[in-house]
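Q: need a structure here:
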Amino acid sequence: MMRANTVLVVDDEPDIREIIGDILGDEGYQVSTAANAEEARAKFSDEQPDLVLLDIWMPDTDGIALLKEWRERASSSVPVIMISGHGTVETAVEAIRIGAYDFLEKPLSTAKLLVTVERALETVALKAENVTLKTQLEPVSGFVGHSTLLSDLNERINQVAGTRQTVLIHGEPGSGKSVAARVLHRASPFTNGPFIEAPIGVLESAAIGESLFGNPKSDSITPGYLEQALGGTLVIDDVSALDLDSQASLVAALETGSFPKASDKSLIPANFRLVLTTSQSTADLLAGKKIREDFLSRLGAVTLKIPPLRTHREDIPDLINFYTQQITDSQHLPFRRFSTSSINYLRNRPWPGNVRELVNFIHRLLLTTTSEIIEAEETIAVMGSRAAPMEAVEEKNAWKDFGQPLRSAREQFERDYLEFHLQQTRGNISELARRTELERTHLYRKLKGLGLNPKDSKYRE
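A: You can find the predicted model right below:
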């Protein structure tokens with residue numbers, strides 16, 4: 001039987017508590033009440049309600065102050081609906097700015113109360129479902145495989161996870177940087193806090209600082225990734241995209257142990273674990289002046305290197321079996337397995353996109369074939385257009401025209417290179433930008449200059 005949602009009603013008026021309790025109780029909710037802030041704090045902590053209805057005007061601590069307390073606790077994502085008999089536009093805006101889900105005025109409309117409560121709970125459930133869908137294909141305990149390389153990596157992750165140390169994860173696109181970050185989070189002191197990924201690699205440089213530290217506006221405040229990650233783990237995806245000012249601000253936040261809150265610039269503790277990811281080595285980042293020379297040293301970052309799939313091919317059978325099971329279970333597909341010949345074929349294929357490319361192909365194969373045992377012939381047939389760009393690139397590079405000018409040779413290489421990755425990403429510009437480590441604006445100019453159109457149907461076959 002499904003557990004009833006619990007609602008905490010906080011109001012100093014007994015009649016209001018009773019009326020709301022009766023209305024929600026009749027709808028199947030489990031209702032708890034509190035007459036003041038002190039009682040509300042205790043019940044919020046002990047009962048961990050699914051939703052709170054909170055009066056603004058109370059005798060001891062007002063509802064706005066109590067809302068601020070709860071929102072500054074990183075582990076609290078409980079939706080709060082403010083209620084007031086003396087509401088103003090300014091008060092409603094302030095409540096929403098701090099993090100209230102909605103604002104209701106007294107006398108309460110039963111219909112509006114029920115709709116607002118239902119929508120608030122649906123929003124939280126949807127967010128939780130999205131997180132589940134995103135992580136259900138990721139291994140919980142570590143990387144899948146039995147190779148020495150992965151055993152050493154898993155051991156290294158476990159050594160680092162128990163500390164609060166900043167971690168730099170570098171590896172090729174698709175090799176498993178996000179998996180490493182999640183494993184670190186789950187085994188860390190911050191495991192009960194949020195796991196926040198900041199995809200700054202797809203942002204314009206001017207927007208990165210605001211995305212990290214918040215964006216104050218005239219009528220609302222957008223909390224930055226640092227605030228969202230309080231009590232948990234903040235993963236900055238593609239550290240090479242960090243502008244110098246943001247690097248300096250991050251170092252200052254971790255060295256001083258605090259940073260300014262977006263809403264009022266008051267200092268709040270930098271209580272989170274920082275994880276940085278990159279597709280480049282530290283030496284390449286420094287050589288390309290992508291990071292300040294003192295950036296990583298001042299952060300004291302520990303480095304984790306994720307090996308490319310080509311260096312541990314012996315793990316491909318384990319990966320195939322693991323992800324076949326995960327995909328069939330998560331999408332309620334019938335039982336499937338790969339034959340030995342099929343596994344051997346996939347083990348010997350090039351996977352420039354690493355584990356991510358392999359998983360995407362397994363997913364595609366499971367959706368387009370029906371045999372319980374997937375033989376090599378079916379695997380090769382489905383590989384089809386996937387194999388073509390690899391073979392085409394190999395054929396083009398089998399004979400190199402060293403007699404042409406350097407500029408022409410460079411353009412030819414860039415065209416072949418980008419065509420290959422357009423095929424691999426099916427024309428997805430965001431993924432192409434990640435793989436090539438080019439800013440989107442530069443990437444668009446480059447494609448246009450070479451006469452390549454990512455929307456061309458041949459890249460989406």
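Q: now the one helix or strand residue 383 maps to: mean pLDDT?
A: Following DSSP states H and E, the helix or strand that holds residue 383 is helix 376-398. Confidence over helix 376-398, taken as the mean pLDDT, stands at 60.
Q: helices or strands up against the helix or strand following that helix?
A: From helix 376-398 onward toward the C-terminus, using DSSP H and E, the following helix or strand is helix 406-425. Contact analysis of helix 406-425 by 3 or more CB pairs under 8 Å, 6 or more residues apart in numbering; DSSP states H and E lists helix 376-398, helix 429-436, helix 440-449 as its packing neighbours. For glycine as for every other residue, the C-beta is placed from the backbone atoms N, C-alpha and C.
Q: can I get the CA coordinates of helix 406-425 in PDB?
A: What follows is helix 406-425, C-alpha atoms only, in PDB (Å, rounded to 0.1, in the frame of the first residue of the first chain):
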ATOM      1  CA  LEU A 406      49.500  22.900 -44.700                       C
ATOM      2  CA  ARG A 407      46.400  25.100 -44.600                       C
ATOM      3  CA  SER A 408      44.500  22.700 -47.000                       C
ATOM      4  CA  ALA A 409      45.700  19.700 -45.100                       C
ATOM      5  CA  ARG A 410      44.500  21.200 -41.800                       C
ATOM      6  CA  GLU A 411      41.100  22.000 -43.300                       C
ATOM      7  CA  GLN A 412      40.800  18.500 -44.700                       C
ATOM      8  CA  PHE A 413      41.600  17.000 -41.300                       C
ATOM      9  CA  GLU A 414      39.200  19.300 -39.500                       C
ATOM     10  CA  ARG A 415      36.400  18.400 -41.900                       C
ATOM     11  CA  ASP A 416      37.000  14.700 -41.600                       C
ATOM     12  CA  TYR A 417      37.300  15.000 -37.800                       C
ATOM     13  CA  LEU A 418      34.100  17.000 -37.400                       C
ATOM     14  CA  GLU A 419      32.200  14.800 -39.900                       C
ATOM     15  CA  PHE A 420      33.200  11.800 -37.900                       C
ATOM     16  CA  HIS A 421      32.000  13.300 -34.600                       C
ATOM     17  CA  LEU A 422      28.800  14.600 -36.200                       C
ATOM     18  CA  GLN A 423      28.000  11.000 -37.200                       C
ATOM     19  CA  GLN A 424      28.800   9.800 -33.700                       C
ATOM     20  CA  THR A 425      26.600  12.500 -32.000                       C
END
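Q: my read: residue 422 touches residue 455, true?
A: No. Applying CB atoms under 8 Å, one finds residue 422 not in contact with residue 455, separated by 10.1 Å.
Q: Looking at these two, which has the bigger crowd around it?
A: Regarding residue 422 and residue 455, a neighbour count based on other CB atoms under 10 Å identifies residue 422 as having more, with 24 against 8.
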